[in-house]
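Asker: what would the 3D arrangement of this be:
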Amino acid sequence: MYLIREVSKISGVSVRTLHHYDEIGLLSPQKRENGYRYYSEDDLSLLQMILFYKHLGFSLKKIKGLLQEEDSEVLYHLRRQLDLMQIEKQKLLTLIETLEKTIESQERSITMSTQEKFKGFTYHENQQYEQAAKDKYGKEVIEAAIEKQKGKEQEIADGFNHCFFAFADNLANGISATAQENVALAEKLHQHMCQYAFDCPLEVFASIGKGYVQNPDFKQNIDKFGAGTAQYVCDAIQQYVKEKQ
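Answerer: The predicted structure follows:
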């Protein structure tokens, strides 16, 4: 058993934060009559999982929900976190490669393409999107999609980025969001989603397009391709769905 100050020293988590975790029911150790908190080895394992999820960008509210899911075994969460971190590792390696190329281009006065400059900065940056998708489309559908994507993460990201870069270029060139060039791009985006995520019906794809604007995180991330890109893509998707129905 460990006292709270010992746990703080071992984990690097402040005593104040540990008190907060207890107050919100995220990590509640045993309490003795003297009022002291005593942490077991199981409590320390739970704290480790909490810290992993925090590192992956989940809010404390989301973490609490994840730890309360039906399949709450430690091994399940550790395997899940390893999968998520492997994806993060690949993203980091890609960003390192992009940075090295950028340094080289500066030193040797080599011009990089826009795509090369932003390789690794994908629209699908944060794992919170996974939980948002589960909430909207169902846990089974999204977990099946995640399984389908394993080992293909960069290929998938490159495909999405290609579409969003093309949309951003069309926007910059003053082409209408509902022009046939963008309808064709929306179809390509839809096909990519169906191939690598799940069999996405048109009405669901239309809803996803609206989510690009209505969800502040999605909007902010997609607008990294250029201000207004999220709304532009949304409008193109709605036109594509309208023509297909």
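
Asker: show me the domain layout of this structure.
Answerer: When the chain is parsed into structural domains using automatic domain parsing, the resulting residue ranges are 2-67, 70-121, 125-244.

Asker: now mean neighbour count and mean pLDDT too, for those domains, in CSV please.
Answerer: C-beta coordinates here come from the backbone N, C-alpha and C atoms, glycine included. Output for the domains of the chain, formatted as CSV (neighbours: other Cβ atoms under 10 Å; pLDDT from 0 to 100):
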stretch, mean neighbour count, mean pLDDT
domain 2-67, 15, 88
domain 70-121, 13, 65
domain 125-244, 17, 81
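
Asker: ranges for the helices of this protein?
Answerer: In order along the chain, the chain carries the following helices (DSSP state H): 4-11, 15-23, 41-55, 60-67, 74-108, 114-117, 128-137, 139-149, 153-172, 180-196, 202-214, 216-222, 229-244.

Asker: compare the ones you listed and give me the one nearest residue 32.
Answerer: When the helices of the chain are compared for distance to residue 32 using Cβ to Cβ, the nearest one is helix 4-11, at 12.0 Å.

Asker: packing partners of the closest one?
Answerer: The criterion is 3 or more Cβ pairs under 8 Å, 6 or more residues apart in numbering; DSSP states H and E, and the helices and strands that helix 4-11 contacts are helix 15-23, strand 37-39, helix 41-55.

Asker: how about 7 Å then?
Answerer: Other helices and strands packing on helix 4-11, by 3 or more Cβ pairs under 7 Å, 6 or more residues apart in numbering; DSSP states H and E, are helix 15-23.

Asker: and the angle from the helix it packs on to helix 41-55?
Answerer: 100 degrees (axes from the mean of the first three to the mean of the last three Cα atoms, to 10 degrees).

Asker: helix 15-23 - contacts with which helices or strands?
Answerer: Helix 15-23 is packed against helix 4-11, with contacts defined by 3+ Cβ pairs under 7 Å, 6+ apart.

Asker: then the helix it packs on to CSV, C-alphas only?
Answerer: Coordinates of the C-alpha atoms in helix 4-11 are reproduced here as CSV (Å, rounded to 0.1, in the frame of the first residue of the first chain):
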residue,chain,number,x,y,z
ILE,A,4,-0.6,9.7,-1.5
ARG,A,5,2.8,11.5,-1.3
GLU,A,6,4.6,8.2,-2.2
VAL,A,7,2.3,7.8,-5.3
SER,A,8,3.0,11.4,-6.3
LYS,A,9,6.7,10.8,-6.1
ILE,A,10,6.6,7.5,-8.0
SER,A,11,4.2,8.7,-10.8
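
Asker: give me the distance from that helix to the chain's centre.
Answerer: Mean C-alpha position of helix 4-11 versus that of the full chain (Cα atoms, centre = their mean, to the nearest Å) differs by 31 Å.

Asker: noted, bye for now.
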